[in-house]
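S.K.: Attaching a predicted model along with its sequence, questions to come.
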Amino acid sequence: MSSESQTNSMSDSPIVQCTEVVRTYTRGGTGSLFSRQSGTSVTAVDAVSMAVQRGELVGLAGPSGSGKSTLLHLLAALETPDTGNVAITGMNTSLMGERGRTAIRRDHVGIVFQRFHLLPSLTALQNVALPMIEQGSGKRERRRRAQSLLEDVGLGDRLSHRPAALSGGEQQRVAVARALGGDPDLVIADEPTGELDSTASEAVLDLLADVAADHAVVVASHDPMAIDRMDRVLRLRDGRLTDG
Ligand code: ADP
């Protein structure tokens, strides 16, 4: 079993592991039109166990509503399961309060969203540098690291561009650079190619494959092109993992 004392044995202990996690949402009012259950409660993730090691690019596939985003949020410690455990680098986030989970996310998790979520008034460099304030690094160090990350994602010539002056693919690469700014162990991406054409998707998928060389990367997607690029694919249906 994972425990805090084992966090240094990176080679064989998973970066993220969940055990029998269940997450149920309760809908208020009469909004049960698209619920698969007769009541107001939907089990979005139903007894899922999985683990991802450093060096792996793992896909979460499944139709819309199958629980991909909910499972990603549990893995990223954005939410806690009703039952079951989620451990990031051996630390059980299910037992932590909001403050503990915030610290785990800051120190161990980078998140990439479908719609990039860049701040429109900031340059690429400023967008990447901004979350580093939480790590407590100085301004000069933040700029140096942000520039280096943007060079790594092939945007060394776009440092001063604002998001509106960048293509969708470039914005998503800025978002990947930003996700790496806290030097995470785990990178989570929710439909990272959902807004992109196939050429830009390829570039972002190449980048995520590079990132997976020394991180654990989990990508939720129903884009067949993205799923095709994964080292391993876990398929969800009605909140449960299926075999094929
Ligand atoms: P996917 O990412 O595969 O589309 P989700 O994890 O978003 O699936 O959703 C799984 C199920 O949980 C769906 O039935 C969805 O409607 C429900 N769900 C997700 N988030 C919420 C929420 N915040 N409140 C109520 N129901 C939710």
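M.R.: Yep, that arrived.

S.K.: can we go C-alpha only for contacts and neighbour counts from here?
M.R.: Fine.

S.K.: mind checking the SS state of the most centrally placed residue in the chain?
M.R.: Taking CA atoms, centre = their mean as the criterion, Ile188 is the residue nearest the geometric centre of the chain, at 1.4 Å. Assigned by DSSP: H, G, I helix; E, B strand; the rest coil, the conformation of Ile188 is strand.

S.K.: how near is it to Leu208?
M.R.: Here Ile188 is placed at a distance of 10 Å from Leu208 (CA to CA, to the nearest Å).

S.K.: Can you read off the pLDDT for the residue nearest to the centre of the chain?
M.R.: Predicted confidence (pLDDT) at Ile188: the value is 97.

S.K.: just the one 5 residues further on next, same as before
M.R.: Reading off the per-residue confidence, Thr193 sits at a pLDDT of 95.

S.K.: picking up where we left off before, now for Ile188 and Leu208: what residues contact both?
M.R.: Counting by CA atoms under 8 Å, 6 or more residues apart in numbering, the shared contacts of Ile188 and Leu208 are Val217.

S.K.: I figured Val112 was touching Ala189, is that so?
M.R.: Yes. Using CA atoms under 8 Å, Val112 is in contact with Ala189, at 4.5 Å.

S.K.: in the sheet, who's paired with Val58?
M.R.: With beta bridges defined as DSSP bridges, Val58 has these partners: Val218, Arg232.

S.K.: gap between it and Ser221?
M.R.: 11 Å.

S.K.: again with Ser94
M.R.: For Ser94 relative to Ser221 (CA to CA), the value is 25 Å.

S.K.: More neighbours: which of those two?
M.R.: Using other CA atoms under 10 Å, the more surrounded residue of Ser94 and Ser221 is Ser221, with 24 against 21.

S.K.: how about the nearest residue to Arg27, chain neighbours excluded?
M.R.: In space, and not counting its chain neighbours, Arg27 is closest to Thr40: 4.9 Å by CA to CA, 6 or more residues apart in numbering.

S.K.: How about Val86?
M.R.: Of all residues not flanking Val86 in the chain, Cys18 sits nearest, at 4.3 Å (CA to CA, 6+ apart).

S.K.: Could I get the buried residue list for the helix or strand encompassing that neighbour?
M.R.: According to DSSP states H and E, Cys18 maps onto strand 16-26. Neighbour counts over strand 16-26 (16 or more other CA atoms under 10 Å) mark 16-18, 21-24 as buried.

S.K.: Please pull up the helix or strand immediately following that strand.
M.R.: Proceeding N to C from strand 16-26, the next assigned helix or strand is strand 41-52, under DSSP H and E.
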